[in-house]
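> Fold the following, please.
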Amino acid sequence: MGEIVEINSGRDYKKLGRGKIPVFGTGGYMLSVNGKLSDRDSVGIGRKGSIDKPQFLSAPFWTVDTLFFMTPKNKNDAKFIFDLSQLIQWKKYDESTGVPSLSKSTISNIPITVTKEDEQNKVSTLFELVDKIIAANQRKVEKL
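Next comes the predicted model:
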């Protein structure tokens, strides 16, 4: 993955004040602060714990130290990278003997095949449309 994303580490947020920037951990949204780690859409992947539950992170955002965030390099599409990350069997790369964990170098060395940058947006748009259709159908089933 290292050829298409930059893998960044989260940081402690406790010295920041309350604000409008969301803070994410391995379990998702935690609270909002007045500082940001990134102003680019990215994909969060747990360093500890929930390593197999990638999260799409809409910029701006902050992540805690248990959540890496993968920022697209060059013109790669963040939503495409998120879709691709859903296909990776993350637990296969678990480096722990207890709580599941990953390192930057392990994530960077995961072999992947990607399409050209201009096609990535088309693929991610298609997946987004399919997800919306599935969600609409699930709502219909729940009503029935």
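> Tell me where the protein has helices.
78-85, 104-108, 117-143 (DSSP state H).
> Burial-wise, tell me which of the ones you listed comes out on top.
Sort the helices of the chain by mean neighbour count, taking mean count of other CB atoms under 10 Å, and helix 78-85 sits at the top with a mean of 22. For glycine as for every other residue, the C-beta is placed from the backbone atoms N, C-alpha and C.
> just the CA coordinates of that helix, formatted as PDB?
Below are the C-alpha coordinates for helix 78-85, written out as PDB (Å, rounded to 0.1, in the frame of the first residue of the first chain):
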ATOM      1  CA  ALA A  78      -9.300   8.500  -0.900                       C
ATOM      2  CA  LYS A  79     -12.700   6.800  -1.400                       C
ATOM      3  CA  PHE A  80     -11.100   4.200  -3.700                       C
ATOM      4  CA  ILE A  81      -8.500   3.500  -1.100                       C
ATOM      5  CA  PHE A  82     -11.200   3.100   1.500                       C
ATOM      6  CA  ASP A  83     -13.000   0.600  -0.800                       C
ATOM      7  CA  LEU A  84      -9.800  -1.200  -1.500                       C
ATOM      8  CA  SER A  85      -9.000  -1.400   2.300                       C
END
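> Show me the strands in the protein, by range?
Assigned by DSSP state E, the chain shows strands spanning 5-8, 18-25, 28-33, 42-46, 55-57, 62-63, 67-72.
> quick one on the thing from earlier: could you dump the helices of the chain into JSON lines with mean pLDDT added?
JSON lines is the format used below for those (pLDDT from 0 to 100):
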{"stretch": "helix 78-85", "mean pLDDT": "94"}
{"stretch": "helix 104-108", "mean pLDDT": "89"}
{"stretch": "helix 117-143", "mean pLDDT": "90"}
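> Using CSV, lay out those helices together with distance to Pro60.
Compiled in CSV, the helices of the chain are given as follows (distance: least, CB to CB, whole Å):
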stretch, distance to Pro60
helix 78-85, 13
helix 104-108, 22
helix 117-143, 20
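> Can you say which of the strands of the chain is nearest to Leu126?
For Leu126, the closest of these is strand 55-57, at 15.8 Å, according to CB to CB.
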